[in-house]
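Colleague: Just the structure for this:
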Amino acid sequence: MKTKDEIRTTVRESRRALDAEWISENSGAVERQVADLVEFRHASVVAAYVAMQGEVRTEALIERCWDERKTVVVPAYRRESGHYDLATMARDVRMAVGPCGILEPEEKQWISVDDVDLVLVPGLGFDSTGGRVGHGRGHYDRMMAPGRAGSPFKMGLAFEFQMFDRVPTNAWDVRMDAVVTEKRVIRARSAGNGV
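Modeller: Numbering: from 1, shown residues only. Sure thing, here's the model as predicted:
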């Protein structure tokens, strides 16, 4: 099994080779699959992310949420705590670049993750047990920590090359309930280790 750092290096190298057309086409395939899932259709409040370079794009899903009168929330930096939390993102909201280079609402209206039905989660690597490797800062694990976020359905969005047989996880790593790629929907199955 590859280490987290090896997975991060492999995926980052693969992402650098992607062109915009490939990302757009394959993101569209991921977005269409997500939109067909019952968890998306029934969600009233969806936590999305504003995609960075090489990530599965989410613009079409966010637009669809607004069209269907769903509330959209995105990660935004809280200066008081030094961590990311969720802030509402309306269609006409002004966006600004946050401290990690991520676009976020300029004026923040905070919402608890406990009020979210579905969380769309980016990452660098995933596996079929719901394991996820992020960038290593722990922002998503903190936002979705067990006990704080027992209710939202957690759905990783990835390209097929980001899927691994197994990714290493720690006790504090939050598992996905499903992972969606351009080719398939993977319902997480138990890792067999009680985590």
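Colleague: For this structure, give me the ranges with low pLDDT.
Modeller: 146-150, 190-195 (pLDDT under 70).
Colleague: helix or strand right after the longest strand seen in the chain?
Modeller: Using DSSP state E, we find that the single longest strand of the chain is strand 71-78. Using DSSP states H and E, the next helix or strand after strand 71-78 towards the C-terminus is strand 83-88.
Colleague: between that following strand and strand 71-78, how many degrees?
Modeller: With axes from the mean of the first three to the mean of the last three C-alpha atoms, to 10 degrees defining the directions, strand 83-88 sits at 150 degrees from strand 71-78.
Colleague: so what does the helix or strand following strand 83-88 touch, helix or strand wise?
Modeller: Counting by DSSP H and E, the next helix or strand C-terminal to strand 83-88 is strand 95-97. Applying 3 or more C-beta pairs under 8 Å, 6 or more residues apart in numbering; DSSP states H and E, we find strand 95-97 packed against strand 103-105. C-beta: built from backbone N, CA, C; applies to glycine.
Colleague: what helices or strands is the strand it packs on leaning on?
Modeller: strand 71-78, strand 83-88, strand 95-97.
Colleague: for this structure, what spans make up the helices?
Modeller: Secondary structure of the chain (DSSP state H): helices at 4-16, 20-36, 38-42, 59-67, 139-143.
Colleague: Quick one, which of these gets closest to A188.
Modeller: Closest approach to A188 among the helices of the chain is made by helix 38-42 (12.4 Å; C-beta to C-beta).
Colleague: Contacts for that closest one next, please.
Modeller: Applying C-beta atoms under 8 Å, 6 or more residues apart in numbering, the contact partners of helix 38-42 are V34, A35, V46, L61, D117, L118, F153, M155, D177, A178.
Colleague: Identify the bridge partners of the third one.
Modeller: Residues found in beta-bridge contact with V46 (criterion: DSSP bridges) are V72, L118.
Colleague: What is the burial count for it?
Modeller: Using other C-beta atoms under 10 Å, V46 has 27 other residues around it.
Colleague: pretty sure K70 is touching A48, no?
Modeller: No. Using C-beta atoms under 8 Å as the test, K70 is too far from A48 to be in contact (9.8 Å).
Colleague: The two: which has the busier surroundings?
Modeller: Neighbour count, other C-beta under 10 Å: between K70 and A48, A48 has more, with 23 against 19.
Colleague: if I pick that one, what's in contact with it?
Modeller: Residues in contact with A48, defined by C-beta under 8 Å, 6+ apart, are T58, L61, I62, C65, V72, V73, V74, M89, L120.
Colleague: Weed out the non-buried ones from those residues.
Modeller: Buried subset of these (neighbour count, 16 or more other C-beta atoms under 10 Å): T58, L61, I62, C65, V72, V73, V74, M89, L120.
Colleague: Could you count how many residues lie near the nearest residue to M52 once chain neighbours are set aside?
Modeller: In this structure, M52 finds its nearest non-sequential neighbour in I102, 6.6 Å apart by C-beta to C-beta, 6 or more residues apart in numbering. When neighbours are counted by other C-beta under 10 Å, I102 registers 18.
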